[in-house]
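[1] This is a predicted model, with the sequence first.
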Amino acid sequence: MYKFVDTVAGSGMSRPLLPLNTLFNGVNLDEALTDHNGSFTTISISGRGILSRRINMTEVSNRHGAREKGYTYDVREITVKYKLTDRTNEGFRDRFNRLNSLLLGSKKRLEFTDEEAYFLATLQSGDTPEEDSNDIVGSLVFICTDPGKNMNEQTLNITASEQIFTIGGQESTPWTSRTRFTVPQSSFSLETNNSGKVVLYYDFIAGDVLEIYYNTRDVFLNGKDLAVSIALETEWFKLVPGPVGLRASHETELNYTEKFY
C-alpha cells in the first residue's frame with residue numbers, strides 16, 4: 001500500500017499528509033468527482049511494487065537443479081481503494097455513472113500524485129459493496145499488459161559534437177526527436193557511439209521542423225510524412241540504460257521515458 005508521508009526526516013515539525021489522488025487518461029478522479037454535494041476519495045493503492053518474474057528453466061540430465069534461460073515479467077495488476085459519497089440517492093447514482101464514464105478506454109495513462117510515473121492501464125473490474133447507502137468504499141482493479149512503470153519524459157539536447165548521456169531505467173526505451181532547422185541542409189543524421197544511426201536525405205530549409213518517432217519509424221517534416229527520405233544505411237536504435245554517446249548534424253531535442261519494473 002502507498003500513502004503520503006512526511007519526507008523531511010527529523011524536521012521536528014508536524015506536517016499534514018498530502019492528498020493521494022488517482023488520475024486516469026489525464027483526468028484527476030478525486031477532483032472531477034468532488035463538489036459541495038459529494039466526493040470521490042482515493043484511500044490507498046496496491047500493485048506498484050516489485051513484479052513477479054516468470055523464470056524460464058529447463059531440466060538438465062545428470063545435474064542438480066535446472067538451467068535458467070532468462071525471465072519475463074507478469075502482467076501488473078493495480079488496485080485502487082476509494083470512497084464515494086453524495087448527499088442524495090440520485091446524486092450518488094449520477095456520481096457513480098460519471099465515474100464509470102471516466103474509466104473507459106484501454107491502455108490509458110494511470111497516474112498517482114505521490115509519484116512522478118505512469119502506467120498504461122485498462123480497467124478490468126470494480127468491487128462495489130451492496131449499495132445500501134450514499135457512502136461506500138469500493139475498489140477499482142486495473143490491468144497493465146505492459147507491466148512497466150514509466151517515469152516522466154526526459155529531454156536530451158543533442159548537438160553536432162558527441163556528448164555522453166546516462167540513460168536511466170531498467171530496460172531499453174524508444175524515443176522521439178524534434179529538430180528545427182536554422183540553416184539549409186541537404187541531409188540529417190542522428191547517431192550513437194555504438195553504430196546506431198538515422199540518416200535522412202532531403203533539402204531542408206531554415207524554419208523546417210523535423211520529427212522522428214522510433215516506435216513507428218515515422219518521419220514528419222512540418223507535419224507531413226517524409227518517410228521517403230530515410231536512407232538505406234539507417235540503423236534504428238533504442239536507448240539502452242547506461243552511458244551512450246549521441247550527436248546530430250543539427251541541434252535536436254531527443255525525448256524518452258525511463259522504464260522500471
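    Nice, thanks for sending it over. Here the structure is a predicted model, which means the values were calculated and not measured. Numbers count the residues shown, from 1 in each chain.
[2] any idea how far residue 213 is from residue 31?
    32 Å (CB to CB, to the nearest Å). Heads up, the C-betas are built off the backbone N, CA and C, glycines and all.
[3] Kindly report the same for residue 181.
    For residue 181, the distance to residue 31 - CB to CB - is 41 Å.
[4] and those two? which has more neighbours close in?
    Neighbour totals were compared for residue 181 and residue 31, and residue 181 leads with 17 against 13 (other CB atoms under 10 Å).
[5] Provide a list of residues in contact with that one.
    Contact analysis of residue 181 by CB atoms under 8 Å, 6 or more residues apart in numbering lists 204-210, 250.
[6] Which of the residues you listed fall in strands?
    Among those, the ones falling in strands (DSSP state E) are 204, 209-210.
[7] Selecting buried members of these in ChimeraX, what would you type?
    Selecting just the buried residues from the ones in strands among the contacts of residue 181 in ChimeraX takes one command, with 16 or more other CB atoms under 10 Å as the test:
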select :204,210
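[8] Turn the ones in strands among the contacts of residue 181 into CSV, columns for distance to residue 88.
    Formatted as CSV, the ones in strands among the contacts of residue 181 follow (distance: CB to CB, whole Å):
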residue, distance to residue 88
204, 62
209, 53
210, 56
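[9] Quick check: of the ones in strands among the contacts of residue 181, which lies closest to residue 105?
    Nearest to residue 105 among the ones in strands among the contacts of residue 181 is residue 209, at 29.7 Å by CB to CB.
[10] looking only at pLDDT, what's the mean for the one helix or strand residue 164 maps to?
    In this structure, residue 164 sits in strand 163-167 according to DSSP states H and E. What strand 163-167 shows for mean pLDDT is 96.
[11] Going by neighbour count, list what's buried in it.
    Across strand 163-167, burial judged by 16+ other CB under 10 Å covers 165, 167.
[12] send the alpha carbons of it over as PDB?
    Taking C-alpha atoms only, strand 163-167 is exported to PDB below (Å, rounded to 0.1, in the frame of the first residue of the first chain):
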ATOM      1  CA  GLN A 163      28.100  14.100 -25.800                       C
ATOM      2  CA  ILE A 164      27.800  11.300 -23.300                       C
ATOM      3  CA  PHE A 165      24.400  10.900 -21.600                       C
ATOM      4  CA  THR A 166      23.400   8.400 -18.900                       C
ATOM      5  CA  ILE A 167      20.100   6.700 -19.800                       C
END
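[13] Secondary structure class of residue 98, three-state.
    helix (DSSP: H, G, I helix; E, B strand; the rest coil).
[14] is it true that it touches residue 34?
    No - judged on CB atoms under 8 Å, residue 98 makes no contact with residue 34 at a distance of 11.0 Å.
[15] before we move on, back to that, what is the subsequent helix or strand relative to the strand holding residue 164?
    strand 175-180.
[16] mean confidence score for the helix or strand following that following strand?
    Scanning forward in sequence from strand 175-180 by DSSP H and E, the next helix or strand is strand 185-192. Taken as a whole, strand 185-192 has a mean pLDDT of 97.
[17] do stretch 46-57 as well
    87.
[18] what bits of the stretch 1-150 of the chain have low per-residue confidence?
    1-18, 131 (pLDDT under 70).
[19] Show me where it has its helices.
    Taking DSSP state H, counting those that start in this stretch, the helices of the stretch 1-150 of the chain run over residues 29-32, 89-102.
[20] Which one of these lies nearest to residue 229?
    Nearest of those (CB to CB): helix 89-102, 41.6 Å.
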